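K.L.:
Here is the input, now give the coordinates:
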Amino acid sequence: MLYPQLKFDQVKFHQDHVHPWSKFNTSGLKKPGLDDPKTAQWQDERDQLPNLQLMEGTTNQSKSGTAFQMWILTLGERKDYFLKSNFIPDNVSLQPADFEAFFAARKDLLRTKLKEVLTQSQ
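P.N.:
Have a look, this model is predicted:
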């Protein structure tokens with residue numbers, strides 16, 4: 001419903017973590033100064049929809065563990081299209097330390113789009 005342009009019958013897609021799963025280990029989350037409850041919250045949120053997206057398998061393999069704000073720069077002129085078509089908010093930082101704001105903003109974008117799609121289908 002969110003990705004009608006994708007050719008699911010022709011391309012193998014992977015579930016991708018926007019902010020890489022590997023960056024959410026306990027020691028890595030201590031670097032930005034997160035306390036234990038916040039660390040546990042971020043580790044829980046890493047596997048929730050606002051941090052997940054569909055990505056072509058080969059692209060996902062090339063992204064593999066690369067911090068999102070660095071990987072997105074490799075797209076060059078395709079960057080803006082990728083961000084828009086994957087509901088990545090343009091008004092928040094993509095830095096790992098700003099994950100909480102990213103998560104909330106993307107959750108709002110996805111919720112709005114789903115409401116729009118479901119309203120149109122009635």
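
K.L.:
what about this protein, any weak spots by pLDDT?
P.N.:
Across the chain, the ranges flagged by pLDDT under 70 are 121-122.

K.L.:
can you pull the contacts of the residue nearest the centre of the chain?
P.N.:
Taking Cα atoms, centre = their mean as the criterion, Val18 is the residue nearest the geometric centre of the chain, at 3.0 Å. Val18 makes contacts with Asn51, Leu52, Gln53, Phe68, Asn86, Ile88, Phe102, Arg106, as judged by Cβ atoms under 8 Å, 6 or more residues apart in numbering. C-beta here means a position set from N, CA and C on the backbone, and glycine is covered the same way.

K.L.:
Surely the second one and Phe13 touch.
P.N.:
What it means is Leu52. No. The criterion here is Cβ atoms under 8 Å, and Leu52 misses it with Phe13 at 11.6 Å.

K.L.:
What ranges does this structure have for its strands?
P.N.:
Applying DSSP state E to the chain gives strands spanning 13-17, 52-56.

K.L.:
For the helix ranked longest in the chain, which helices and strands make contact with it?
P.N.:
Longest helix of the chain, by residue count under DSSP state H: helix 99-120. Applying 3 or more Cβ pairs under 8 Å, 6 or more residues apart in numbering; DSSP states H and E, one finds that helix 99-120 makes contact with helix 36-45.

K.L.:
Okay, angle between the helix it packs on and helix 99-120 too, please.
P.N.:
40 degrees (axes from the mean of the first three to the mean of the last three Cα atoms, to 10 degrees).

K.L.:
Run through who's touching helix 36-45.
P.N.:
With contact meaning Cβ under 8 Å, 6+ apart, helix 36-45 is reached by Phe24, Thr26, Leu29, Lys30, Leu34, Asn51, Phe99, Glu100, Phe103.

K.L.:
Tally up the residues packed near the third one, please.
P.N.:
By the measure other Cβ atoms under 10 Å, the count of residues near Leu29 is 23.

K.L.:
How about the contacts made by it?
P.N.:
With contacts defined as Cβ under 8 Å, 6+ apart, the neighbours of Leu29 are Lys38, Thr39, Trp42, Gln43.
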